[in-house]
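> here is my input, please return the structure:
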Amino acid sequence: MVDSKPIILLGGGGHALVCLDLLIRCKRQIIGYVALTPTEQMEKPLIPFLGNELIADAYPPQDFELVNGVGGAVGSSRRQHLFEEMKRQGYSFATLIHDHAIVADSAILAEGVQVMAGAVIQAGALIGANSVINTRASVDHESWIGAHTHVAPGTTLCGGVHVGNGVLIGAGSTVIQSISIGERSVVGAGSVVVRNVPADTLVVGVPAKERTR
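Below you'll find the predicted structure:
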């Protein structure tokens, strides 16, 4: 990763801690973190707590980049709302790629994408803004992942998969080739998706079947 602006980390929980480790590995300059309250996770790395909100006068958008350390939990759109609010204020988000991830030269990663350790993104794939390709997840050739989507650890997306915005694909799931998953849907952990999934739908199981949310 090429050094650019100093980083401010948003969030103080587990996902923020993973992002912090990745930033350190990438040798980025980290100013501190913003969270509702100081957290135990962030005390050990000893980065400064900057308060419970980002003050543009103290940290002008043109001088800093942000990293979204809020995780993508089921039923929560907080990560997306935070990204959109900070964009409205003029901030930009760093795109992070772990040095033990593999990303094809022809893959396209939008602003704020986070690619974690052991992840693989193959040729022709496109990852939308603010999405997370988590630990050991695999996105195969020509798959399209929308914005604000979380592909959880150990997930496999086969070639030509289309995933909408705001989707959560649970840990260890498999989505076979050419499947489409609609916006804001959830795929339960360990599921195998063999049919298209409509928007706003929860699917669980092997093969994955619709459940009431």
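
> ok, residue 30 touching residue 20?
Yes: with contacts counted by CB atoms under 8 Å, residue 30 reaches residue 20, the gap being 7.0 Å. Yep, even glycine has a C-beta here, placed from its N, CA and C like the rest.

> who's in contact with the residue lying closest to residue 110 once chain neighbours are set aside?
Among residues not flanking residue 110 along the chain, residue 129 sits closest, at 4.0 Å (CB to CB, 6 or more residues apart in numbering). By CB atoms under 8 Å, 6 or more residues apart in numbering, the contact set of residue 129 is 83, 93, 110-113, 147-148.

> just residue 202 next, same as before
Applying CB under 8 Å, 6+ apart to residue 202 gives the contacts 185-186, 188, 210-213.

> if we use 6 Å, what do you get?
186, 211, 213 (CB atoms under 6 Å, 6 or more residues apart in numbering).

> give me the nearest residue to the last one, chain neighbours excluded.
So that's residue 213. residue 202 (4.6 Å).

> for residue 193, see how far away the one you found is.
12 Å (CB to CB, to the nearest Å).

> again, but for residue 170
11 Å.

> more neighbours: which of those two?
More crowded of residue 170 and residue 193, by other CB atoms under 10 Å: residue 193, with 26 against 20.

> let me see the contact set for the more buried one.
175, 179, 187, 208.

> with distance to residue 12 as extra columns, can I get those in TSV?
Putting the contacts of residue 193 into TSV (distance: CB to CB, whole Å) gives the following:
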residue	distance to residue 12
175	32
179	36
187	28
208	34
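
> let's have these in CSV, adding pLDDT and distance to residue 43.
Shown next, in CSV, are the contacts of residue 193 (pLDDT from 0 to 100; distance: CB to CB, whole Å):
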residue, pLDDT, distance to residue 43
175, 99, 38
179, 99, 43
187, 98, 35
208, 97, 40
